[in-house]
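[1] any chance you can model this:
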Amino acid sequence: MHTEESRYLQGLNPQQKEAVLCTEGPVLIVAGAGAGKTKTITHRIAHMIEQGIPARSILAVTFTNKAAGEMRDRVRHLIPEGRGTPLVATFHSLGVRLLREFHTEAGLERGFSIWDRDDSMRVVKKALEKLDIENIPPRQILSIISREKGDGMTVARYEEKKASSFKEQTVAQVWRIYDKALHEEGALDFDDLLGRTLQLLQNSPRVLELLRGRWKYITIDEYQDTNAAQYEIARLLAGERCNLCVVGDTDQNIYSWRGADIEHLMNFEKTFPGTKVILLEQNYRSTRTILTAANSVIAKNKRRKEKNLFTDNDTGEPLMAYGARNEIDESWFVAQTAVTLMEEGINPAEIAILYRENFQSRALEEALLAFSVPYRVLGTKFFERKEVKDTLSYLRAALNPRSKVDLARIVGVPARGIGKVTLDKLFDTSDMPVDAEPGIWSHLALHSLTGSARIKVQTFLDTIQKIRHAIDTLPTSEAVRYCVEASGMEQMYKDDKEEGYERLENIRELVNLSVRYDDVSPPEGIERLLEEAALQSDQDELTEVQQAVSLMTIHASKGLEFDAVFITGLEQGLFPSLREDTRDPEEERRLFYVAVTRARKRLFLSYAGERMKYGSRERALASEFIHDIDKRLIVHSSRDGDLGAGFERVID
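    Below you'll find the predicted structure:
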């Protein structure tokens, strides 16, 4: 007869059992790729609840909705009914939850909007136009602002400490305009969700003590990916009790370009004295051949927590390295091999094609089309489809009347005869008293219009107010359905005989999705729906089961696994990248390690002897990473039946 405790230890290896049983104080679990970390975390949480720790006292944090959802579902299946459910969230969704709950202390309206990257990019572009600056890409400016915010920097401190060059001064100017727009529209961007949460914890001792009392046990997954703000949030919430368990792997730190700091994991034992360190080194995913290749590559890195993955799995097939003449030859090899794998019985959904840079996908897509291989490119999100974004903008504008971004988007969907000149008048606050109502909702702004323009705007405002009433009174799915009808979008797409049916089906899918929030009291249900839409990651699209080969960057593949994986473009200068903004050669090696360990059974490495770049052909050498793998693990081939010149130079 087994006790409940033994049930949570069954099927675990000795190191996993140790991690499950170690519940007090700081704990560092160094978990290699495919080492069963999610199983370990969920069994640890279930064991804690079984030992009498209330589920409401446990907080688990990870980085993607997909990972959080998987962890949440596993915990629910493990613990008996009636024992409650711990909070499992991403850092960003945790921030939203806290900023809405304590909005007064945070100095925010409860109904603040969350800008996605498109919203942010639009404002940055307008700021650059206003400053008459054309030689700095908006994406680069936004990336710098995001990185600095993640490090806890404010625009004032940035101006004081860093803004010396023309580019940095431009960043500061754009940042000020950008922050002003966020403030005026009652909105936060992704980085604010973390930054404002950190400020809340730092500036409100009452809130911090309340939360420390609420969550006495904290688990953080993918700890190597934390930036400065996330690190501080975790440290503050842990407090002196410090029942903090972090799970991570220095070998999978691949996001330094967006603020992830490997030192948070490297120095965990110094930061939290008395830390119990547990290594999870048994891999349950890959063949011995794939794992041996991964170990040999990552062993060259110096800044890492030492470990050596092993597996009881079969030896498996050797790796195949293909030396292509050019990117066309490489793409045809990938497509033909994918066809062969599918003929052998591998589901196309279990095949992934990875690349270092997005531009590589074009040639690969053309080849897959030529061979009729079903595929999808990770990154085309459901919530980014125009008709879905329009619906969400109606809901956001109804909740937050200050959101110019949303109002400008929907005022012409469907067309109402309200043009740019009218909008500019409504959005002009230069002559408004300080205490006037914001933006388009201001009676003063409305009175500046005359005739038909005023009637059209008033009709539009009445529609927004009706949608707000629905949000405040109806179940979430009914409110979304009402919004689609009242806005005129439903009729607009019914009248569109070309794309209307497909677009309306996508909107109806949004209604279906919103049903999951029908048991949440209004208007919180709509707030939760908008939060989910804003915080989606590329991987969350994979919840839609499609029988198709997946194309994605290696960064996007982290946390996923497939039976067969192609790593393409393995050339010096491309992978490893030699771009100026690639600061850390060890990170490129970690990125290759992540790519290799996505594969369960088959791994294909490809390289092109020459590749078209910026309109001209450039010769290339095979990547040093191929040279790092024991020759006995790889079978080499090319279209001509030999290694190809590039491989001969590197491998021989």
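[2] from here on, contacts and neighbour counts on C-alpha atoms
    Fine.
[3] could you find the closest non-adjacent residue to L9?
    Nearest residue to L9, sequence neighbours excluded (C-alpha to C-alpha, 6 or more residues apart in numbering): K17, at 6.0 Å.
[4] I should have written A470 there, sorry.
    A479 (5.2 Å).
[5] so is that neighbour in a helix, a strand, or just coil?
    helix (DSSP: H, G, I helix; E, B strand; the rest coil).
[6] quick one, grab the pLDDT at it.
    With respect to pLDDT, A479 scores 97.
[7] burial of it, as a residue count?
    Residues within reach of A479, counting by other C-alpha atoms under 10 Å, total 26.
[8] same question, V388
    19.
[9] would you mind measuring from M153 to V124?
    18 Å (C-alpha to C-alpha, to the nearest Å).
[10] meant to ask about L574
    Going from L574 to V124 by C-alpha to C-alpha gives 29 Å.
[11] which one's more surrounded, the two?
    Regarding L574 and V124, a neighbour count based on other C-alpha under 10 Å identifies V124 as having more, with 23 against 18.
[12] what strand or helix carries the more buried one?
    Counting by DSSP states H and E, the element that carries V124 is helix 117-130.
[13] distance from the helix or strand that that helix is followed by to the middle of the chain?
    Counting by DSSP H and E, the next helix or strand C-terminal to helix 117-130 is helix 138-150. In terms of C-alpha atoms, centre = their mean, to the nearest Å, the centre of helix 138-150 is found 16 Å from the chain centre.
[14] then helix 138-150 to CSV, C-alphas only?
    C-alpha atoms of helix 138-150 as CSV (Å, rounded to 0.1, in the frame of the first residue of the first chain):
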residue,chain,number,x,y,z
PRO,A,138,12.6,52.4,-35.1
ARG,A,139,13.0,48.7,-34.2
GLN,A,140,16.5,49.5,-32.9
ILE,A,141,15.3,52.4,-30.8
LEU,A,142,12.5,50.4,-29.3
SER,A,143,14.9,47.5,-28.6
ILE,A,144,17.3,49.9,-26.7
ILE,A,145,14.4,51.4,-24.7
SER,A,146,13.1,47.9,-23.8
ARG,A,147,16.6,46.7,-22.7
GLU,A,148,17.2,49.8,-20.6
LYS,A,149,13.7,49.5,-18.9
GLY,A,150,14.4,45.8,-18.2
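[15] give me the contacts around it.
    Helix 138-150 is contacted from outside by 120-121, 124-125, 128, 154, 171, 174-175, 191-192, 194-195, 227-229, 257-259, using C-alpha atoms under 8 Å, 6 or more residues apart in numbering.
[16] for the longest helix anywhere in the chain, buried residues please.
    In the chain, assigned by DSSP state H, the helix with the most residues is helix 451-473. The neighbour-count check on helix 451-473 (16 or more other C-alpha atoms under 10 Å) flags 453-454, 457, 460-461, 463-468, 470-472 as buried.
[17] just for this structure, where's the confidence low?
    Scanning the chain for pLDDT under 70 picks out 1-6, 379-381, 428-446, 537-545, 579-583, 613-616, 640-652.
[18] distance between the top strand by length along it and the chain's centre?
    As assigned by DSSP state E, the longest strand anywhere in the chain is strand 599-608. In terms of C-alpha atoms, centre = their mean, the centre of strand 599-608 is found 25 Å from the chain centre.
[19] cool, and stretch 68-75?
    17 Å.
[20] which residues touch it?
    38, 42-43, 45-46, 61-62, 85, 88-90.
[21] with secondary structure added, can I get these in CSV?
    Shown next, in CSV, are the contacts of stretch 68-75 (three-state DSSP):
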residue, secondary structure
T38, helix
T42, helix
H43, helix
I45, helix
A46, helix
V61, strand
T62, strand
T85, coil
V88, strand
A89, strand
T90, strand
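[22] rewinding a little: mind checking which of the contacts of helix 138-150 are buried?
    Here, 16+ other C-alpha under 10 Å leaves 120-121, 124-125, 128, 154, 171, 174-175, 191-192, 194-195, 227-229, 258-259 buried among the contacts of helix 138-150.
[23] among those, which lie within helices?
    120-121, 124-125, 128, 171, 174-175, 191-192, 194-195, 228-229.
[24] want to try CSV for the residues you listed, with distance to V484 as columns?
    What follows is those, written out as CSV (distance: C-alpha to C-alpha, whole Å):
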residue, distance to V484
S120, 25
M121, 26
V124, 30
K125, 30
L128, 35
V171, 39
V174, 35
W175, 35
D191, 30
D192, 30
L194, 32
G195, 34
A228, 41
A229, 38
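[25] of all those, which comes closest to T289?
    A228 (37.3 Å; C-alpha to C-alpha).
[26] neighbours of Y482, how many?
    18.
[27] hmm, it is touching A470, no?
    Yes - contact criterion C-alpha atoms under 8 Å: Y482 and A470 qualify, at 7.2 Å.
[28] returning to that earlier point: distance from the chain centre to the longest helix of the chain, please.
    35 Å.
[29] ok, residues contacting it?
    Contacts of helix 451-473 (C-alpha under 8 Å, 6+ apart): 394-395, 397-399, 411, 416-418, 422, 441, 446-447, 479-480, 482-483, 486-487, 522-523, 526.
[30] ok, and the closest non-adjacent residue to Y255?
    In space, Y255 comes closest to D225 once its chain neighbours are excluded; the distance is 6.5 Å by C-alpha to C-alpha, 6+ apart.
[31] what about the one you found, how many residues nearby?
    By other C-alpha under 10 Å, neighbour count at D225 equals 26.
[32] looks like it contacts R258 (just checking).
    No - between D225 and R258 there is no contact under C-alpha under 8 Å: 9.3 Å.
[33] which phi and psi does D189 have?
    Backbone torsions for D189, taken as degrees, to the nearest 10, come to phi -100, psi -180.
[34] I meant to write T287 there.
    Taking degrees, to the nearest 10 as the convention, T287 sits at phi -70, psi 160.
[35] OK, contacts around it?
    Going by C-alpha under 8 Å, 6+ apart, T287 touches 311, 313-316, 600-601.
[36] show me how to select, in PyMOL, the buried members of these.
    Buried subset of these, written as a PyMOL selection, criterion 16+ other C-alpha under 10 Å:
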select buried, resi 311+313+600+601
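[37] pull the most distant pair out of the contacts of T287.
    Maximum pairwise distance among the contacts of T287 (C-alpha to C-alpha): 12.8 Å, between T311 and K601.
[38] pull up the overlap in contacts between the two.
    Counting by C-alpha under 8 Å, 6+ apart, the residues touching both T311 and K601 are 286-287.
[39] switch the contacts of T287 over to TSV; also include secondary structure and distance to A294.
    Output for those, formatted as TSV (DSSP: H, G, I helix; E, B strand; the rest coil; distance: C-alpha to C-alpha, whole Å):
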residue	secondary structure	distance to A294
T311	coil	12
N313	coil	15
D314	coil	16
T315	coil	14
G316	coil	14
R600	strand	12
K601	strand	13
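[40] can I take it that P522 is in a strand?
    No - under three-state DSSP, P522 falls outside any strand and is assigned coil.
[41] does it really touch S477, like I thought?
    No - between P522 and S477 there is no contact, the gap being 10.7 Å when judged by C-alpha under 8 Å.
[42] so which of these two has more stuff around it?
    With neighbours defined as other C-alpha under 10 Å, P522 and S477 compare such that S477 has more, 23 against 18.
[43] OK, contacts around the more buried one?
    511-515, 517-518.
[44] so which of these is the most crowded?
    S514 (22 neighbours).
[45] if I pick that residue, what's in contact with it?
    Taking C-alpha under 8 Å, 6+ apart, one finds 476-477, 480, 529 in contact with S514.
[46] go on, I29?
    Residues in contact with I29 (C-alpha under 8 Å, 6+ apart) are 19, 245-248, 277-280.
[47] and the two most separated of these?
    Using C-alpha to C-alpha, the pair of the contacts of I29 lying farthest apart is C245 and L280, separated by 14.1 Å.
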